[in-house]
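A.B. asks: Have a look at this prediction, sequence included:
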Amino acid sequence: MDNYGFLSILPPVIAIILALRTKQVYIALLFGIWSAWIVMNDWNLLKGTLAAIEGLVNVFKSEGNTRTIMFSALVGALLLFIQYSKGVEGFVHKINKLITYFEKKHPGNSKIIVQLLALITGIVLFVETSISSLTVGTLYRPIFDKLKIPREKLAYIADSSSAPTSILIPFNAWGAFIMGLLLTQGIDNPFSMLLASIKYNFYPIITLLIVLIIIVTKKDFGAMAKAEKRTKETGKVLSDTAKPMISETITAYQPKEGIKAKAYNMIIPLTTMVVMMPINLAYTGWSAVKNYSSFSDHLLQSIGKGSGSSSVLYAVITAIFIAMVVYRVQGIMKMKEMVDLTLKGISELMPLALLMLLAFAISDACNKLGTGDFIANWSKEWLSPELLPALVFVISSFIAFSTGTSWGTFAIMLAISIPMANANNSDLTLVVAATLGGGVFGDHCSPISDTSIISSMASASDHIDHVKTQLPYALIGGVITTILYLILGFMT
């Protein structure tokens, strides 16, 4: 890989600034990708432009990328199915009964109760971030709309309860990936190291606490306070300039007439998708486990070694199939209706699939430019042992923010931070935690993050509005975390 120095950070920074300033995420990402390839082709406009096109094509060379893009499109079919079958309507009726019950016990707390339910749902679904965000957004969007809670708040809860939970409860693909990276750095017992680092992984812990405090106290601030004020005064769950990440066709698709609204028409397909996730992880990772002491040990290791992208794709396909069977048995839909709905759902979510394609393409371009390596290596010479945890957290954050990927950040930074910790006799668990927390923090703030994109889509929120309203809360968590790492760095 060539060394492009400072130029390596320009394309992602340009893309992020353009996205925030213009709200045209597609154009911003395209411009970032194009500028990256122009730099890599010595500022030759023709060569750079052609290379950028090939860069987009090459995204599909990665099986993981292709599966994720397919998953993003197929989600549209599942959402249309549960809307058309009156599953959403039935679920809303059930939640309304629950709200009515709690209203009698605790008057005026309906909004708090629903938001807490959304947060708990996101935490329970720690097995995969995409499934967590998707389920929370899909389940609670109609309830949030009915109670006049901004879509931005739903996207924030979906986003803030997914990755933070997945990194704190590492019995998933996240844990397997990180343990693999720790193993390559000479850590003999990566699982013990990962578990030991959790108590120092302050950012995800603080993030979940902030969400809880904001929900219970109703003390929003910044852009989120403006969104809450807008909804309270006008009843609008979206701003006038919002461009939701999912079309009205899916969120307001007319249910089939003449059928009864039943909650299980929504719950069964979504539960199938959630349950199939760990099953698919175990299946895809089963043969990779060579040494185990028992069936349960084999199963646990298999889930850790499974393919996340394969698992989410298989899960959504299974959910669609089960939905088809359930609706056909009830006589709700015939095969032609199912095929038409599937194709319509896929077409409606093609903008999301395109956005995922662009996000992967700019991430690949940043890898070729050496963006992460440049930022990390730039700091090597002047880091002191006392400042190491805090600066590792900040640098990891900036890499994740610039590239839109926490996993890529883990791969870059653990290879640097662990040797630095050993060389400076720093607390290794503290440095590992700072690296992991920084990756989540930067990814949480970035408009080119796939996790944030899926949260916006599932909540039918404007993506940039989601980023702007979430950012103040994330920054507070990041500042508190940095201060804690500074204190611990000087104490150890």
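C.D. replies: Okay, I see it. Keep in mind that this is a model prediction, so the values were computed, not measured. Numbering: from 1, shown residues only.
A.B. asks: can you pull the contacts of Y84?
C.D. replies: By C-beta atoms under 8 Å, 6 or more residues apart in numbering, the contact list for Y84 reads Y253, Q254, P255, K256, M333, L341. C-beta here means a position set from N, CA and C on the backbone, and glycine is covered the same way.
A.B. asks: per-residue confidence at it?
C.D. replies: The pLDDT attached to Y84 in the predicted structure is 86.
A.B. asks: distance of it from I267?
C.D. replies: From Y84 across to I267, the span is 16 Å (C-beta to C-beta, to the nearest Å).
A.B. asks: Tell me how many other residues surround L475.
C.D. replies: 14 (other C-beta atoms under 10 Å).
A.B. asks: re earlier: need the buried ones from the contacts of Y84 selected in ChimeraX.
C.D. replies: Restricted to buried positions by 16 or more other C-beta atoms under 10 Å, the ChimeraX selection for the contacts of Y84 reads:
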select :253,255,333,341
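A.B. asks: Out of the contacts of Y84, which one has the lowest pLDDT?
C.D. replies: Out of the contacts of Y84, that is Y253, at 71.
A.B. asks: How about the contacts made by it?
C.D. replies: For Y253, the contact set (C-beta under 8 Å, 6+ apart) comprises L80, Q83, Y84.
A.B. asks: Which one of those is nearest to S446?
C.D. replies: Of all the contacts of Y253, L80 has the smallest distance to S446: 29.5 Å, by C-beta to C-beta.
A.B. asks: so the closest one makes contact with I346?
C.D. replies: No. With contact defined as C-beta atoms under 8 Å, L80 does not reach I346; the gap is 9.3 Å.
A.B. asks: now the strands for the stretch 51-200 of the chain?
C.D. replies: For the stretch 51-200 of the chain, strands defined by DSSP state E, counting those that start in this stretch do not occur.
A.B. asks: Run through it and note the low-pLDDT ranges.
C.D. replies: Counting by pLDDT under 70, the ranges of the stretch 51-200 of the chain that qualify are 103, 127-128, 171-173, 176-177, 180.
A.B. asks: Go again with 90.
C.D. replies: Applying pLDDT under 90 to the stretch 51-200 of the chain flags residues 59-111, 113, 121-122, 124-143, 146-147, 162-163, 166, 169-196.
A.B. asks: Output the longest helix belonging to this protein.
C.D. replies: Longest helix of the chain, by residue count under DSSP state H: helix 463-491.
A.B. asks: which strands and helices sit next to it?
C.D. replies: Judged by 3 or more C-beta pairs under 8 Å, 6 or more residues apart in numbering; DSSP states H and E, the packing partners of helix 463-491 are helix 10-22, helix 151-160, helix 202-217, helix 222-234, helix 388-403, helix 428-445, helix 450-459.
A.B. asks: Select, out of those, the one closest to S302.
C.D. replies: helix 428-445 (22.7 Å).
A.B. asks: Tell me what angle that closest one forms with helix 151-160.
C.D. replies: Relative orientation of helix 428-445 versus helix 151-160 (axes from the mean of the first three to the mean of the last three C-alpha atoms, to 10 degrees): 150 degrees.
A.B. asks: Against which helices or strands is helix 428-445 packed?
C.D. replies: For helix 428-445, the packing partners by 3+ C-beta pairs under 8 Å, 6+ apart come out as helix 163-168, helix 190-197, helix 202-217, helix 388-403, helix 406-423, helix 450-459, helix 463-491.
A.B. asks: Between the contacts of Y253, which sits nearest K94?
C.D. replies: Of all the contacts of Y253, K94 sits closest to Q83, with 16.0 Å by C-beta to C-beta.
A.B. asks: Regarding the closest residue to that closest one other than its chain neighbours, what is its secondary structure?
C.D. replies: Nearest non-adjacent residue to Q83, counting by C-beta to C-beta, 6 or more residues apart in numbering: Y253, 4.4 Å away. Of the three states, Y253 takes coil according to DSSP: H, G, I helix; E, B strand; the rest coil.
A.B. asks: re the thing from before, quick one, which of the helices and strands packed on helix 463-491 is nearest to Y101?
C.D. replies: Closest approach to Y101 among the helices and strands packed on helix 463-491 (C-beta to C-beta): helix 202-217, 19.1 Å.
A.B. asks: So L358 sits against I33, correct?
C.D. replies: Yes. Assessed by C-beta under 8 Å, L358 is found in contact with I33 at 6.8 Å.
A.B. asks: Between these two, tell me which one has more neighbours.
C.D. replies: For L358 versus I33, the count of surrounding residues by other C-beta under 10 Å is larger for I33: 26 against 23.
A.B. asks: Quick check: pLDDT value at the more buried one.
C.D. replies: So I33 comes in at 90 (pLDDT).
A.B. asks: tell me which element it falls in.
C.D. replies: Here I33, judged by DSSP states H and E, is contained in helix 25-40.
A.B. asks: Contacts for that helix, please.
C.D. replies: So helix 25-40 is contacted by 2, 4, 7-8, 10-12, 14-19, 22, 44-45, 48-49, 51-52, 55-56, 354-355, 358-359, 361-362, 365-366, 368-369, 447-448, 463-464 (C-beta under 8 Å, 6+ apart).
A.B. asks: for stretch 254-264, same thing?
C.D. replies: Outside stretch 254-264, the residues that reach it (C-beta under 8 Å, 6+ apart) are 83-91, 93-94, 326, 330, 332-333.
A.B. asks: Between these, which sits nearest T403?
C.D. replies: Nearest to T403 among the contacts of stretch 254-264: Q83, at 34.9 Å, using C-beta to C-beta.
A.B. asks: Wait, a strand at P278?
C.D. replies: No. P278 is assigned helix when assessed by three-state DSSP, not a strand.
A.B. asks: State the pair within the contacts of stretch 254-264 that is farthest apart.
C.D. replies: Largest separation among the contacts of stretch 254-264 by C-beta to C-beta: K94 and M333, giving 22.1 Å.
A.B. asks: coming back round to it: buried ones among the contacts of helix 25-40?
C.D. replies: Among these, the ones that count as buried by 16+ other C-beta under 10 Å are 4, 7-8, 10-12, 14-16, 18-19, 48, 51-52, 55-56, 354-355, 358-359, 361-362, 365-366, 368-369, 447-448, 463-464.
A.B. asks: more crowded one of L80 and I346?
C.D. replies: A direct count of neighbours by other C-beta under 10 Å for L80 and I346 places L80 higher, at 24 against 18.
A.B. asks: element containing the nearest residue to the more buried one once chain neighbours are set aside?
C.D. replies: Leaving aside its chain neighbours, L80 sits nearest to G345 (4.0 Å; criterion: C-beta to C-beta, 6+ apart). Under the criterion of DSSP H and E, G345 resides in helix 335-348.
A.B. asks: Can you give the contact residues for that helix?
C.D. replies: Contact with helix 335-348 is made by 73-81, 84, 246-247, 249-250, 320, 324, 327-328, 333, as judged by C-beta under 8 Å, 6+ apart.
A.B. asks: what angle separates whichever helix or strand comes after that helix from helix 450-459?
C.D. replies: Reading on from helix 335-348 to the C-terminus, the next helix or strand found by DSSP H and E is helix 350-369. For helix 350-369 against helix 450-459, the angle by the same axes, to 10 degrees is 170 degrees.
A.B. asks: low-scoring pLDDT stretches of the stretch 351-492 of the chain, where are they?
C.D. replies: Within the stretch 351-492 of the chain, the ranges that satisfy pLDDT under 90 run 351-388, 391, 395-396, 398-427, 443, 446-455, 457-458, 460, 489-492.
A.B. asks: Can I get stretch 193-202 as CSV, trimmed to CA atoms?
C.D. replies: C-alpha atoms of stretch 193-202 as CSV (Å, rounded to 0.1, in the frame of the first residue of the first chain):
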residue,chain,number,x,y,z
MET,A,193,-8.9,-10.4,27.8
LEU,A,194,-12.1,-9.3,26.1
LEU,A,195,-14.2,-9.9,29.2
ALA,A,196,-11.7,-8.1,31.5
SER,A,197,-11.7,-5.1,29.2
ILE,A,198,-15.5,-4.6,29.5
LYS,A,199,-15.3,-2.9,32.8
TYR,A,200,-13.1,-0.2,31.2
ASN,A,201,-15.1,0.1,28.0
PHE,A,202,-16.8,3.3,29.2
